[in-house]
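> Mind folding the following:
(one chain, ligands or ions: 1)
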Amino acid sequence: MWQAMRGLRQRLDHPWRMAALATLLSLLLLVLGSLGLALMQAREAEREALDARGERFLQRIEQVFGQLRQALDRLERQPLRQCDRTMQELLAQISFDHRFVQEAAFIDGDQHCSSRLQRPSTPPRRAADVQAPPHRYWLDTTAEPKGDLAALVLARGPFHVFAARAHLLDMVDLSDGADLYLIPRGSRWALPILGASQPWPLGQSATDDPEPDTLRTLGDRLLYRMAGDDPAYQLALVVPSASLHQRIHTTWHAWLPGCLPLALLIGASTYLLVRTRQSLERELQAALDHRELRVHYQPIFELASRRCIGAEALVRWRRPDGSPISPELFIPLAESTGQIRQITEHMLQQVLEELGELLREHPELYVSVNLAACDVCEPRVGLLAERLLARYRVSPAQIAFEITERGLLDLDSARSHLEGLRARGHRVLIDDFGTGYANLAYLQELPVDCLKIDRAFIAALPADAGGRGVAPHIIRMARDLQIKVIAEGIEHEEQARLLVLEGADYGQGWLFARPLTADQFRELIGRQSGELPAIRVA
Ligand SMILES: Nc1nc2c(ncn2[C@@H]2O[C@@H]3COP(=O)(O)O[C@H]4[C@@H](O)[C@H](n5cnc6c(=O)[nH]c(N)nc65)O[C@@H]4COP(=O)(O)O[C@H]3[C@H]2O)c(=O)[nH]1
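All right, here's what the predicted structure looks like:
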């Protein structure tokens, strides 16, 4: 599996191939992504259009209902309860005064008189479609769409008022084959403004009542349900999905032409990136072959006494033109190409070449070397260190290894090799502590001598000793686990003072010293041990 992945990577590790792959993949993603976006946008636009359409109808129906209720309330308030000439005149007056009241009637047992003298209307014989006491509503949905036929009946006691279908429909456009339903609260029936009533929810199981203001697909139709001001009923609009498909088509086709240039741009950027990466990789290889990588040593101090107790070896690379390249740039590259193994070996070798004698003379000093994840999972580094330490006659305790939490992803393998390093006498330090591993349980399982608190936590140290940052917690936890602590990136005296108060053991940072050449480091140690005249370290 690993071999196959490596083979695939090698085959693809070519600017043109990577660019072609990136173009194709991004084109595919952009086309699919734009389709998804077009779908979402078209649905939203369709929903808004249906909402506006339904809103117009709701407003009209509220207007009609309001006027009909007003007419009924007026009839209810007056004392007449007999079908006689006065009642007839009253009913005619009510119909005359209210634009939407096509007919007003008094129906009580055998008594039936209406504002319409010929062919007075009768309300449906079924129970009211909507019960909103004191009013009752019937929607006469079976009638043909003739403007003079009553489509809506409202009653209060014995009084009835009728509204013409034309007044309900003149505000809503149903020409595209759309259907409009009124859903009384709690009803299992949808009352169409036109046509026959249907079970509700439409085309769904009874338990699957759609949420108001959402768009649903029912086969080749769309269902939009909306609530109005009156909780007694809601509205459902059913339209053919053709208009949605048209919207998707239009939106998607507007975006499609942009996908190809964008994919080509991504392909071109990939080409440049891979080429730059490959040329950096070649340059790094040349630098390794010509042993151009250098080591700088950042001194580590005991915080309480301010004595230098060792140093961290940091790789330095300058191009032939003298321009420096940051390890933050080429170390991740070297980790991905495998060149990091060569870098680690080179560092170990150079540390002992440059400082072997100093370490022999000062057995209390140590130098720590950074390991990458792949170094932690192989016995190679331990074997090389053993050979070099024997050649330079330096004690294994004077070479420590720093591993980052990222290097501990394969915990089992890391544990066995770190135990091997410790068994040889090396110290193991966890670098950038707190930035890379979510589960700290590894601290109980791994053979660790020292935690290096990441400089981000030191930079965030509060200015007052009473304040609570992350660093004091790490220090306390390390003390409980009997692990030493080195604080990285100390830049201010205040931070050093605070760290001493919190109980940190060691520190490194620009406050004490920047990374030094081997000669500068030797000089620092010489001054400290009185072999050279002392000057203040800064
Ligand atoms: N702002 C600030 N920075 C400070 C201060 N004191 C030290 N530093 C910088 O912080 C980094 C400390 O090293 P690191 O955490 O191991 O972080 C290192 C380490 O992870 C990696 N690295 C460096 N050399 C090697 C190496 O030989 N092998 C491996 N595998 N990684 C290395 O590259 C990273 C960056 O190294 P550098 O650029 O040398 O950056 C170094 C050092 O120059 C300070 O007071 N303030």
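> show me the contacts for the residue of the stretch 101-250 of the chain found nearest the ligand.
Across the stretch 101-250 of the chain, no residue is closer to the ligand than Ile248, which sits at 50.2 Å (CB to the nearest ligand atom). Every residue, glycine included, has its C-beta placed from N, CA and C. Contact analysis of Ile248 by CB atoms under 8 Å, 6 or more residues apart in numbering lists Ala38, Leu39, Ala42.
> For PyMOL, what selects the buried ones among those?
Filtering the contacts of Ile248 down to the buried ones (16 or more other CB atoms under 10 Å) takes a single PyMOL command:
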select buried, resi 38+42
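> So which of the contacts of Ile248 sit within helices?
Counting by DSSP state H, the part of the contacts of Ile248 found in helices is Ala38, Leu39, Ala42.
> Now tabulate those in JSON lines and tack on distance to the ligand and pLDDT.
What follows is the ones in helices among the contacts of Ile248, written out as JSON lines (distance: CB to the nearest ligand atom, whole Å; pLDDT from 0 to 100):
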{"residue": "Ala38", "distance to the ligand": "46", "pLDDT": "95"}
{"residue": "Leu39", "distance to the ligand": "46", "pLDDT": "94"}
{"residue": "Ala42", "distance to the ligand": "50", "pLDDT": "93"}
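> Check the stretch 351-500 of the chain for the residue nearest the ligand and tell me.
Closest point on the stretch 351-500 of the chain to the ligand, by CB to the nearest ligand atom, is Asn370, at 3.4 Å.
> a strand runs through that residue, doesn't it?
Yes: applying DSSP: H, G, I helix; E, B strand; the rest coil, one finds Asn370 inside a strand.
> which non-adjacent residue is nearest it?
Leaving aside its chain neighbours, Asn370 sits nearest to Glu402 (4.9 Å; criterion: CB to CB, 6 or more residues apart in numbering).
> Kindly report the residues of the stretch 251-400 of the chain close to the ligand.
Proximity of the stretch 251-400 of the chain to the ligand (CB under 6 Å from any ligand atom) is limited to residues Gln298, Leu314, Val315, Ser326, Pro327, Glu328, Ile331, Ile340, Ile343, Met347, Asn370, Ala372.
> Using neighbour counts, trim these to the buried set.
Those of these that meet the buried threshold are Gln298, Leu314, Val315, Pro327, Ile331, Ile340, Ile343, Met347, Asn370, Ala372, by 16+ other CB under 10 Å.
> bridging residues for the closest residue to Phe433 other than its chain neighbours?
Using CB to CB, 6+ apart and skipping the chain neighbours, the partner closest in space to Phe433 is Leu451 (4.4 Å). For Leu451, the residues forming beta bridges with it (DSSP bridges) are Ile430, Val485.
> Would you agree Leu293 is in contact with His346?
Yes: here Leu293 reaches His346: they are 5.8 Å apart, a contact under CB atoms under 8 Å.
> about what we covered before: filter the residues of the stretch 251-400 of the chain next to the ligand down to just the ones in helices.
Using DSSP H, the subset of these located in helices is Pro327, Glu328, Ile331, Ile340, Ile343, Met347.
> Tell me how far the residue nearest to the first one when sequence neighbours are not counted lies from Gln342.
In this case it means Pro327. Counting by CB to CB, 6+ apart, the nearest residue to Pro327 once its immediate chain neighbours are dropped is Val315, at 5.5 Å. The gap separating Val315 from Gln342 is 11 Å, by CB to CB, to the nearest Å.
> And for Pro133?
89 Å.
> From the neighbour counts alone, determine which of those two ranks first.
Counted by other CB atoms under 10 Å, Pro133 and Gln342 do not tie: Gln342 has more neighbours, with 16 against 7.
> who touches the residue nearest to that one when sequence neighbours are not counted in this structure?
Nearest residue to Gln342, sequence neighbours excluded (CB to CB, 6+ apart): Leu288, at 5.1 Å. Contact analysis of Leu288 by CB under 8 Å, 6+ apart lists Gln339, Gln342, Ile343, His346.
> Can you add distance to Ala390 and pLDDT and give those residues back as TSV?
Shown next, in TSV, are the contacts of Leu288 (distance: CB to CB, whole Å; pLDDT from 0 to 100):
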residue	distance to Ala390	pLDDT
Gln339	26	95
Gln342	21	97
Ile343	22	98
His346	19	97
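> Just checking: what are the partner strands of the longest strand along the chain?
Longest strand in the chain, counting residues (DSSP state E): strand 307-318. Strand 307-318 has the following strand partners under DSSP bridges: strand 294-302 (antiparallel), strand 324-325 (antiparallel), strand 366-371 (parallel).
> Buried ones in it, by neighbour count?
Cys308, Ile309, Gly310, Ala311, Glu312, Ala313, Leu314, Val315, Trp317.
> Between which two of these is the distance greatest?
Farthest-apart pair in the buried residues of strand 307-318 is Ile309 and Trp317; separation 27.3 Å (CB to CB).
> If I look at the residue of the stretch 151-300 of the chain found nearest the ligand, what pLDDT would I see?
With CB to the nearest ligand atom, the shortest gap between the stretch 151-300 of the chain and the ligand falls at Gln298, namely 5.5 Å. What the model reports for Gln298 is a pLDDT of 98.
> wait, what's in contact with it?
Counting by CB under 8 Å, 6+ apart, Gln298 touches Ala311, Glu312, Leu314, Gln508, Ala513, Arg514, Pro515, Leu516.
> ok, now Ala372?
Taking CB under 8 Å, 6+ apart, one finds Ile331, Ala334, Glu335, Ile340, Arg341, Thr344, Gly407 in contact with Ala372.
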